[in-house]
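Asker: Next comes the sequence, and after it the predicted model I'd like to discuss.
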Amino acid sequence: MADTLSALRSLMASHSPPLDALVVPSEDYHQSEYVSARDKRREFVSGFTGSAGLALVTMKEALLWTDGRYFLQATQELSDQWKLMRIGEDPAVDIWMADNLPNDASIGVDPWCISIDTAQRWERAFAIKQQKLVQTTKNLVDEVWINRPPAETNAVIVHALEFAGRSVADKLRFLREKLVQEKARGIIFTALDEVAWLYNIRGSDVAYCPVVHAFAIVTSNSAFFYVDKRKVSVEVKTHLEENGIEVREYMAVSSDVVLLASNELDAESTVRGTRTKVTEEVKTKENSNDLIWADPGSCCYALYSKLNPDKVHLQQSPLALAKALKNPVELEGLRKAHVRDGAAVVQYLVWLDKKLQDNYGASGYFLEGDAVNKEKHLKSLKLTEVTASDKLEGFRASKESFRGLSFPTISSVGPNAAIIHYSPQAETCAELDPDKIYLFDSGAQYLDGTTDITRTVHFGKPSAHEKACYTAVLKGHIALGNARFPNGTNGHALDILARVPLWKDGLDYRHGTGHGIGSYLNVHEGPHLISFRPQARNVPLQASMTVTDEPGYYEDGNFGIRLENVLIVKEADTKFNFGDKGYLSFEHITWAPYQKKLIDLSLLMPDEIDWLNSYHSKCKDILAPYLDEVEKEWLKKATEPISV
């Protein structure tokens, strides 16, 4: 790590102009949350493996900013050469640079790895002291990364209409109508899930996300797909060309954006396939439309810099919301995928329960008691966080249409469960301990949907404090899941519902409460979210969106608790309809029991017990057909009604 920093500083010093600081973001050329191995530049430089963060290297210091999910993990992973900057507690990176770097400082960044929004915000902060943001022509980290992994060359696949539910032609028609409305003649797409959704294609270039490293440009008359052509089969090329989409090399997007800016790109198109039919009104208007649409949150600064800033329409991509509003085929696929996924989770719990009893003398999932022969088990029977999570993946892999996990499984025992985005490694992970809480947060990619579920369990004797904390989390989880709210309500307004039971005892958690989820796409999907963060105010929840419900509570060095279901936003049947707004509610589509042993029943209200009994009854009925007799018996016991 020291060698890496000194090599970077040497390049910074010899750069023209010399750089006082170098920013190393987590993101790739597409502003992705999860990136491929060769794009993990921030991880390579800092040693911090979390998915969110930003590194800053100056001539004397190295700092890493990350959010509350990763404070504990970052303190464990960063060497003493690095200083941890806690987002929300310490100054933001642009403020820190403006305050701590000299006047006239040059701050370098690869413009492909930073969004328009971020670059412009930094430039405003730097202007006060005449500091400047310098776009490096090469990524300096790549220059010092000797064993950088090679580029992925995985095949592009067509996402069949039976799963997508909406044709490419229909999506392009919708998009071109949006262009006309916004007086734009073209739009640039850099977000990988938007390109995949628009063209009904999928891939495997990024672990856990079925996407392809690609850009797209769509104009009133043409459509382009920028990708490593080695990934494109004849079938995929035919699929694209039939929809009037031309395939071009990945980095040709750079020169094509220049052509787009000068209105010469359409003339370059060689594909004259099925053009999306636009209305006469659209055709007459399009000549006067001269703007290029770019999403300031996802489009990279490198491409924006090639456009005339006066002719750019900076607004969120029209695909962000369109993708979030699932069509009936996608919704049905998600429901079915979650049933198979729930069956896998129950099979895992049955297996885990038996293993901990057999190998460790644990009292098990249902009974309370200390392990009787915890120290006597054979080494060959040892269960770790990784061997356990591998078994869970095995149960999922046996299910129809399974295509892989949707994120690295969080399989965490005791103190590790307090690390919110803990990712166990085979060499360093903990052994399962029946006397400690076990939290697993996991999900899968199926052709018909993406899943994400968290359950927290104890196979020994939970303390009264652990039960009280678990019950507070459960109460918040139920309160949000049962919410009814008027159309126009955003996730910022709903976030409090999940926290109130925790706040009552002076407890809280440092992460958002819910995120959208893709249809065989990214496990984290915007533009909506349920969170205390200001951006949760931007987009109201709408019927047919998906969102998770996942409150938690974490005690550093002790334990962590989280419960998570995926919900579909639906229209609510209310007695009245104040203001004619229409009301919304949630449909749970995740099925797996909550551990009754961890619940302090004295803290539950009668309506919460009714909800739990109703949910458990559905769980049993929905999952039973996918289980063998032993598993069915276990589930029957796990879902027996609570009587008070």
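Answerer: That came in fine, so what should we check first? Residues are numbered from 1 along each chain as shown.

Asker: Low-confidence regions, this protein specifically.
Answerer: Residue ranges of the chain with pLDDT under 70: 1-2, 272-288, 374-380.

Asker: Longest helix in it, please.
Answerer: Assignment by DSSP state H gives helix 328-360 as the longest helix of the chain.

Asker: Buried residues, whichever helix or strand comes after that one. List them.
Answerer: Per DSSP states H and E, the first helix or strand lying C-terminal to helix 328-360 is helix 385-397. Using 16 or more other C-beta atoms under 10 Å as the test for burial, helix 385-397 gives Glu385, Val386, Thr387, Ala388, Ser389, Lys391, Leu392, Glu393, Phe395, Arg396. (Each C-beta comes from the backbone N, C-alpha and C, glycine too.)

Asker: Could you report the distance from the most centrally placed residue in the chain to Trp65?
Answerer: The centre of the chain sits closest to His524, judged by C-alpha atoms, centre = their mean, with a distance of 2.5 Å. For His524, the distance to Trp65 equals 19 Å [C-beta to C-beta, to the nearest Å].

Asker: how far off helix 385-397 does the longest helix of the chain point, in degrees?
Answerer: In terms of direction (axes from the mean of the first three to the mean of the last three C-alpha atoms, to 10 degrees), helix 328-360 departs from helix 385-397 by 140 degrees.

Asker: of the buried residues of helix 385-397, closest to Thr639?
Answerer: Phe395 (18.6 Å; C-beta to C-beta).

Asker: so what's that closest one up against?
Answerer: The contact partners of Phe395, by C-beta atoms under 8 Å, 6 or more residues apart in numbering, come to Ala344, Val345, Gln347, Tyr348, Trp351.

Asker: Next: Asn154.
Answerer: Applying C-beta under 8 Å, 6+ apart, the residues contacting Asn154 are Gly203, Ser204, Asp205, Val212, Lys231.

Asker: before we move on, which element is the fourth one in?
Answerer: Think Val212. Here Val212 is assigned to no helix or strand, by DSSP H and E.

Asker: So it is in contact with Ala196, correct?
Answerer: Yes - between Val212 and Ala196 there is a contact under C-beta atoms under 8 Å: 6.4 Å.

Asker: Overlap in contacts, the two.
Answerer: Residues touching both Val212 and Ala196 (C-beta under 8 Å, 6+ apart): Arg202, Gly203.

Asker: what's Asn373 in contact with, if anything?
Answerer: If a contact means C-beta under 8 Å, 6+ apart, then Asn373 has Tyr360, Gly361 as its contacts.

Asker: And it, how close does it get to Leu635?
Answerer: Distance, Asn373 to Leu635, by C-beta to C-beta: 27 Å.

Asker: now swap in Lys355 and tell me
Answerer: Lys355 is 17 Å from Leu635, by C-beta to C-beta.

Asker: between the two, who's got more neighbours?
Answerer: Leu635 (24 against 19; other C-beta atoms under 10 Å).

Asker: The more buried one touches Leu623, doesn't it?
Answerer: Yes - with contact defined as C-beta under 8 Å, Leu635 counts as touching Leu623 (6.2 Å).

Asker: any shared contact partners between these two?
Answerer: Contacts common to Leu635 and Leu623, judged by C-beta under 8 Å, 6+ apart, are Val346.
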